[in-house]
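Asker: predicted model follows, preceded by the sequence.
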Amino acid sequence: MLHQINILAHIIAGSLALIIGLIPFFTKKGSDIHIKYGRYFLYLMAATIFTATLGVLFFRSRPFLTIVTLQSAYMSFAGYRVLKNKTKGPEWLDLLATLFLVIMAGRFLFLVGSKGAVWHQSVVVYLLGFLFTVAAYDLLRHFRPQLAKYWLLEHIFKMTSAYIALFSAFAGTVLAAWQPYSQIIPSIMGTIWIVSTIWYYSRRRVVSQA
């Protein structure tokens, strides 16, 4: 009974996050609408991640969903922190979050190929590689204060990554009959979206400063 309630709450929060999360992407950055719905998206992501964590800890754990939950949680938190700190750069709380990410991702790296890993291993390895790359950059930020000037691009990158992780979990679960393509295609499309978004806003930033 509790499991079913948790699943229902997870589905509702996740579905709303997928819908509302699109609004900040297609509204002017820094506008009232962008800020308002960006905040709603974070609230819904928190609820989605919380219910997903309960499912992992007390009900059923799957490598892909667990790693996607980790990605969603870290990217949402880090994306918010970048916006909060801006040019001040990362603080000790950010360092602790990054170290936690490394520890958890490292743990799942050793579980790849274990029994019960019903999700496609190549996707799991891809996601872990992505998380380790992000963690390496975030650790570098503590030694290179000048990277803080890219806070806007970093915020966009991390919030976009959080949304894509949510979408990947949705596609992999709803379209389970089409595995592994229902896992691989969203990951590839997500990567293209992230690269395109960062390129677009980096170009706009250069033009605006010219």
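Answerer: Received the coordinates, thanks. Numbers count the residues shown, from 1 in each chain.
Asker: residue 40 and residue 22 touch, don't they?
Answerer: No: judged on CB atoms under 8 Å, residue 40 makes no contact with residue 22 at a distance of 11.6 Å. C-betas here are computed from N, CA, C, even on glycine.
Asker: ok, those two, which is more surrounded?
Answerer: Ranked by neighbour count (other CB atoms under 10 Å), residue 40 and residue 22 place residue 40 first, with 16 against 13.
Asker: contacts only, for the residue nearest to the more buried one when sequence neighbours are not counted.
Answerer: Closest residue to residue 40 apart from its sequence neighbours, by CB to CB, 6 or more residues apart in numbering: residue 20 at 5.2 Å. Neighbour list for residue 20: 37, 40, 41, 44 [criterion: CB atoms under 8 Å, 6 or more residues apart in numbering].
Asker: so can I have a markdown table of those showing secondary structure?
Answerer: Converted to a markdown table, the contacts of residue 20 look like this (DSSP: H, G, I helix; E, B strand; the rest coil):
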| residue | secondary structure |
| --- | --- |
| 37 | helix |
| 40 | helix |
| 41 | helix |
| 44 | helix |
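Asker: out of these, which is most surrounded?
Answerer: That'd be residue 41 among the contacts of residue 20, by other CB under 10 Å, with 25 neighbours.
Asker: check what pLDDT that one gets.
Answerer: Predicted confidence (pLDDT) for residue 41: 95.
Asker: so this structure: which segments form each domain?
Answerer: Following automatic domain parsing, the chain resolves into domains at 1-60, 62-209.
Asker: among the ones you listed, which gets the worst mean confidence?
Answerer: The minimum mean pLDDT among these belongs to domain 62-209 (a mean of 81).
Asker: the most centrally placed residue in the chain and residue 3, how far apart?
Answerer: Computing the C-alpha centroid of the chain and ranking residues by CA atoms, centre = their mean puts residue 162 first, at 2.4 Å. Distance from residue 162 to residue 3, counting by CB to CB, to the nearest Å: 25 Å.
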